[in-house]
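Chemist: Sequence below, structure please.
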Amino acid sequence: MRILLAEPRGFCAGVVRAIEIVERALARHGAPVYVRHEIVHNRHVVEDLRAKGAVFVDELHQVPQGAITVFSAHGVARLVEQDAAGRGLDVLDATCPLVTKVHVEGRKYARDGRAVILIGHAGHPEVEGTMGQIDGELHLVATVADVAALPVAPDRRVAYVTQTTLSVDDTREVIEAIKARFADAVGPGTRDICYATQNRQTAVRDLARECDVVLVVGAANSSNSNRLREIADECGARAYLIADAGALTAAMVAGARNVGVTAGASAPERLVEEVVATLRALGASDVAALPGITEDVTFRLPARLQAAE
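Modeler: Sure, this is the predicted structure:
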């Protein structure tokens, strides 16, 4: 059995920035630093930060007045921002800049008098935050069928924006359905889907073509990790989403000649290393990385944390 590693895989620039914001806040201000929701969708990252003094809360009423508070990488609604200001919280915003870009686009389309259609998954924190950032007429769709069911007249001027972690192919189909239904529909195409999501989806397609089994390391609530598993499955590989090496079983890789390993954008590389070690224990004898895109994107930290360098 041979192991093939996808390239790129794991942390994206937005996740690196979000984690670093929490770590620098702890270094500068000391514990506790409060974080609204999971900073990123990965239990191991959350537990590591909790051990350093981060306190994760569901809502802001759990945060003492005036405390250092971090908003997660997924972004928040304006009402959450207003609640934080009303409570006198000292906020550090770890929203991914690519998510903020979607907020700005959506608000611009709404100001132009268009009905805004958000393509995304109901209940996902990024979607909830984006919907809470856009005033005016707003609709959420996830499928072509959702577009057909929209209670919007076909002559209505519309615009669409997307969640940043969707499947590029699925999103393209939904966009085409929007354009087919509405005569005046504008939007960014699939450009709102972040560079890291697109790169990892391309890499997992290449991986699945070479492998009998593909293991995606990531959390069950990670949108981009779920899309990677779905894409590998669509490409013909037996595909599994596993949180860590502890979830890997011999049955998953039984009979496989080539086993591919990738990781969602919020999964630390050490989890991949642990999966590789477990595969070696199950009989894998060779590890190789497939050629892929080299990422060099970085996002600036908030100015007050840069000054702490």
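
Chemist: Run through the helices of this protein in chain order.
Modeler: 13-29, 43-52, 78-86, 97-111, 125-131, 144-148, 168-181, 195-210, 223-234, 269-281, 303-306 (DSSP state H).

Chemist: mind exporting the last one as CSV, just the C-alpha atoms?
Modeler: Meaning helix 303-306. The C-alpha trace of helix 303-306 is given here as CSV (Å, rounded to 0.1, in the frame of the first residue of the first chain):
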residue,chain,number,x,y,z
ALA,A,303,-2.9,46.7,13.5
ARG,A,304,-2.9,46.5,17.3
LEU,A,305,-1.5,42.9,17.2
GLN,A,306,1.1,43.8,14.6
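
Chemist: In it, which residues are buried?
Modeler: Buried residues in helix 303-306, counted by 16 or more other CB atoms under 10 Å: residue 305. Every C-beta, even on glycine, is put in place using the N, C-alpha and C of the backbone.

Chemist: Which other helices and strands does that helix contact?
Modeler: Helices and strands touching helix 303-306, by 3 or more CB pairs under 8 Å, 6 or more residues apart in numbering; DSSP states H and E, are helix 13-29.

Chemist: is it true that residue 144 touches residue 177?
Modeler: Yes. Taking contacts as CB atoms under 8 Å, residue 144 lies within contact range of residue 177: 4.4 Å.

Chemist: So for these two, which residue has more residues nearby?
Modeler: Between residue 144 and residue 177, counted using other CB atoms under 10 Å, residue 177 has the larger neighbour count: 20 against 17.

Chemist: Next, the contact list for that one, please.
Modeler: Shown in contact with residue 177 (CB atoms under 8 Å, 6 or more residues apart in numbering): 144, 147-148.

Chemist: Now pLDDT too, for these, in TSV please.
Modeler: TSV is the format used below for the contacts of residue 177 (pLDDT from 0 to 100):
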residue	pLDDT
144	98
147	98
148	98
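
Chemist: how about those residues in a markdown table, adding distance to residue 49?
Modeler: Shown next, in a markdown table, are the contacts of residue 177 (distance: CB to CB, whole Å):
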| residue | distance to residue 49 |
| --- | --- |
| 144 | 39 |
| 147 | 39 |
| 148 | 43 |
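
Chemist: Apart from its neighbours in sequence, what residue is nearest residue 60?
Modeler: Leaving aside its sequence neighbours, residue 60 sits nearest to residue 83 (CB to CB, 6 or more residues apart in numbering; 5.2 Å).

Chemist: State the number of residues packed around the one you found.
Modeler: Using other CB under 10 Å, residue 83 has 17 other residues around it.

Chemist: Can you give me the distance of it to residue 103?
Modeler: As judged by CB to CB, to the nearest Å, residue 83 and residue 103 stand 17 Å apart.

Chemist: weakest of the helices of the chain by average pLDDT?
Modeler: If you rank these by mean pLDDT, helix 303-306 sits at the bottom with a mean of 91.

Chemist: what's it in contact with?
Modeler: Contacts with helix 303-306, where a contact means CB under 8 Å, 6+ apart, come from 20-21, 24-25, 28, 92, 300.

Chemist: Residue 5 is nearest to which of the helices of the chain?
Modeler: With CB to CB as the criterion, residue 5 lies closest to helix 269-281 of the helices of the chain, at 7.3 Å.

Chemist: Quick check: buried residues in that closest one?
Modeler: 271-272, 274-276, 278-279.

Chemist: same for it, what does it pack against?
Modeler: When contacts are defined as 3+ CB pairs under 8 Å, 6+ apart, helix 269-281 packs onto strand 2-5, strand 213-217, strand 258-263.

Chemist: For the second one, what is the distance to the chain centroid?
Modeler: What that stands for is strand 213-217. Taking CA atoms, centre = their mean, to the nearest Å, one finds strand 213-217 lying 18 Å from the centre of the chain it belongs to.

Chemist: Run through who's touching it.
Modeler: 10, 204, 207-208, 225, 228-229, 232, 237-244, 248, 252-253, 256, 258-264, 267, 271-272, 275.

Chemist: go again using 6 Å as the cut-off
Modeler: 207-208, 225, 228-229, 232, 237-242, 253, 256, 259-263, 267, 271-272, 275 (CB atoms under 6 Å, 6 or more residues apart in numbering).

Chemist: Please apply the same query to the first one.
Modeler: Contact partners of strand 2-5, identified using CB under 6 Å, 6+ apart, comprise 210-211, 258-261, 276, 279, 284, 286-290.

Chemist: Can you pull the domain assignment for the chain?
Modeler: Domains of the chain are assigned by automatic domain parsing as 2-11+195-289, 13-96+301-306, 98-186.
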